[in-house]
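Chemist: give me coordinates for this.
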Amino acid sequence: MENVRAVALSVLNKCIHADGYSNIALDTAIKRGGFSDADRGLLTVLVYGTIEKQLTLDHWISHLSSRPLTEIDGDTLLLLRMGLYQLAYLDKVPDHAAVNETVALCPRRTRGFVNALLRAFLRQGKRVPAPDPVADPVGYLSVTYSFGRPLCQRFLEVFGMERTRSMLAAFCRPVPVTLRVNTLKTSRERLLEALRAAGAVAEPTPESPWGIFVKGLPVTALPGFDEGEFFVQDEASQLAVSALDAHPGMRVLDCCACPGSKSFGIAMEMEGKGSLLSCDLHANKLSLVRTGAERLGIGILDTLERDARAPSPAWEASFDRVLCDVPCSGFGVFAKKPEIKYKDPAMSAGLPAIQAAILKNACRFVKAGGKLVYSTCTLLPEENEGNVEAFLREHGEFSLLQMRTLYPDTDGTDGFFFAVLQKNSCGGPALGEE
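Modeler: Numbering: from 1, shown residues only. All right, here's what the predicted structure looks like:
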């Protein structure tokens, strides 16, 4: 069996130096490694934890080292991060094991340096001062919660200091996996009973009537997985699907469907009756939607490779419900995609225009009296309220029924936004007129 920490180092290299996705690189390593449950758990926490705390760990290294970070080679820097993470955050790993196992992975030329720095951290009581929150509020937030400075600055501008601290702290807390019960096959009560009988800790979600928080067992080991009795979906996403208000017999369009969880939820709201078209720009991702639908026993779902901005005259005013879960910055799902913590919001500056174009095009496909839901997994207003308000100014034939932002600190969910828009049954300008 491979050394867990060596595999973690390899995965971190792929994520940080080769721009790989942590979930994909980690899943690949786990499948190849043949690890025990305990080793798989350690590998997972080492990879995700080291990425999640990267800026905090780098601040500690800068404080403890006589060398600038830029002069520390890539593997050594990763090993220092991984070693410090174990010392600071993993209570079940003895300090001597964290130090010795980390040093053992180093080439001879860097062992002394790594050993000295890790032991210096221990001598300081595992404490390194953060920047002063008054003199350097952005630096304080960045180091304390390990979020990129530009993102901290943007959150400060939108939410202010106290709310930003509250949200970033919530994003740093461990979150349980959230399941959506497949009501085509079972009920939440029956699934809860089966999960608890198998030894999992399972509790119903407070708002969604189909959600379950679960921990204690890998998802694929949970009872009902092979039978397609559930799929993974955050409660906020479940609530957005519920807001679409799909019913049996309707014709429904999911414009940006991948990876498919919202389409699956819609099919269940439709009780497997009607027509559901799940579209996406990337054909290779649509295969995952088809595979998921087959596992869940969904028979009303068809897929289509399509740019959501492209016109489709044949679809004009032909769908009862349309979902626009648009591509977004992802500044609401840090717990699931820790790499996003270090993105500069400036890199997402072009997204609102793309989102607006998708929304403007998709609205054409809604029947009179039908509903359109616009959703994102970000907390930036320019991608959320800004787009919806601009749309409504230009499209008097639509009315706003609901607009909601969910937050990790107050709602216990991902950061998420959705708006429910209804096309007037009569009156208002024709589509496309301004």
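
Chemist: now for the protein, the helix or strand with the poorest mean pLDDT.
Modeler: helix 22-33 (a mean of 80; mean pLDDT, DSSP states H and E).

Chemist: any buried residues in that one, and which?
Modeler: Using 16 or more other C-beta atoms under 10 Å as the test for burial, helix 22-33 gives 22, 25, 26, 29, 30, 33. In this view, the C-beta of every residue, glycine as well, is placed from N, C-alpha and C.

Chemist: so which of these is the closest to residue 55?
Modeler: If you rank the buried residues of helix 22-33 by distance to residue 55 using C-beta to C-beta, residue 22 comes first, at 15.7 Å.

Chemist: contacts only, for that closest one.
Modeler: The contact partners of residue 22, by C-beta atoms under 8 Å, 6 or more residues apart in numbering, come to 11, 15, 47, 48, 51, 337, 338, 339.

Chemist: for it, give its distance to residue 337.
Modeler: Counting by C-beta to C-beta, to the nearest Å, the gap from residue 22 to residue 337 is 7 Å.

Chemist: now the stretch 301-434 of the chain, which segments are flagged as low pLDDT?
Modeler: For the stretch 301-434 of the chain, the stretches flagged by pLDDT under 70 are 426-434.

Chemist: what do you get if the cut-off is 90, keeping everything else the same?
Modeler: 335-339, 425-434 (pLDDT under 90).

Chemist: what's the answer for the stretch 101-250 of the chain, then?
Modeler: 174-176, 216-218, 220.

Chemist: helices of that one, residue ranges please.
Modeler: Per DSSP state H, counting those that start in this stretch, the stretch 101-250 of the chain carries helices over the ranges 108-123, 137-145, 149-159, 161-172, 188-197, 235-244.

Chemist: TSV for the ones you listed, including distance to residue 424 and mean neighbour count?
Modeler: Below are those laid out as TSV (distance: least, C-beta to C-beta, whole Å; neighbours: other C-beta atoms under 10 Å):
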stretch	distance to residue 424	mean neighbour count
helix 108-123	63	15
helix 137-145	44	21
helix 149-159	32	18
helix 161-172	36	18
helix 188-197	36	16
helix 235-244	18	24
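
Chemist: just put those in TSV and tack on distance to residue 58.
Modeler: Below are the helices of the stretch 101-250 of the chain laid out as TSV (distance: least, C-beta to C-beta, whole Å):
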stretch	distance to residue 58
helix 108-123	12
helix 137-145	9
helix 149-159	12
helix 161-172	16
helix 188-197	39
helix 235-244	31
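
Chemist: among those, which is nearest residue 410?
Modeler: Set against residue 410 and scored by C-beta to C-beta, the helices of the stretch 101-250 of the chain come closest in helix 161-172, at 8.2 Å.

Chemist: wait, doesn't residue 275 sit right on residue 251?
Modeler: Yes: Residue 275 is within contact range of residue 251, at 4.6 Å (criterion: C-beta atoms under 8 Å).

Chemist: who's more crowded, those two?
Modeler: More crowded of residue 275 and residue 251, by other C-beta atoms under 10 Å: residue 251, with 19 against 15.

Chemist: that one contacts residue 266, correct?
Modeler: No: checked against C-beta under 8 Å, the pair residue 251 and residue 266 is beyond contact range at 11.4 Å.

Chemist: give the residues shared as contacts by these two.
Modeler: residue 321.

Chemist: which residues of the chain fall in strands?
Modeler: For the chain, the strands defined by DSSP state E cover 177-181, 201-204, 211-215, 230-232, 251-254, 275-280, 301-305, 319-325, 366-376, 398-406, 416-423.

Chemist: before we move on, the earlier item: right, and the helices of the stretch 101-250 of the chain - which one's nearest residue 394?
Modeler: helix 235-244 (22.1 Å).

Chemist: now that closest one, how far from the centre of its chain.
Modeler: What separates the centre of helix 235-244 from the centre of its chain is 15 Å, taken as C-alpha atoms, centre = their mean, to the nearest Å.

Chemist: hmm, residue 142 and residue 165 touching each other?
Modeler: No: using C-beta under 8 Å, residue 165 makes no contact with residue 142, being 12.0 Å away.

Chemist: spatially central residue for this structure, please.
Modeler: residue 333 (3.3 Å; C-alpha atoms, centre = their mean).

Chemist: what sits against residue 302?
Modeler: Counting by C-beta under 8 Å, 6+ apart, residue 302 touches 275, 276, 277, 278.

Chemist: what about 10 Å?
Modeler: Neighbouring residues of residue 302 by C-beta atoms under 10 Å, 6 or more residues apart in numbering: 275, 276, 277, 278, 279, 289, 290, 293.

Chemist: show me which of those residues are buried.
Modeler: Buried by 16+ other C-beta under 10 Å: 276, 277, 278, 279, 289, 293, out of the contacts of residue 302.

Chemist: alright, calling it a day.
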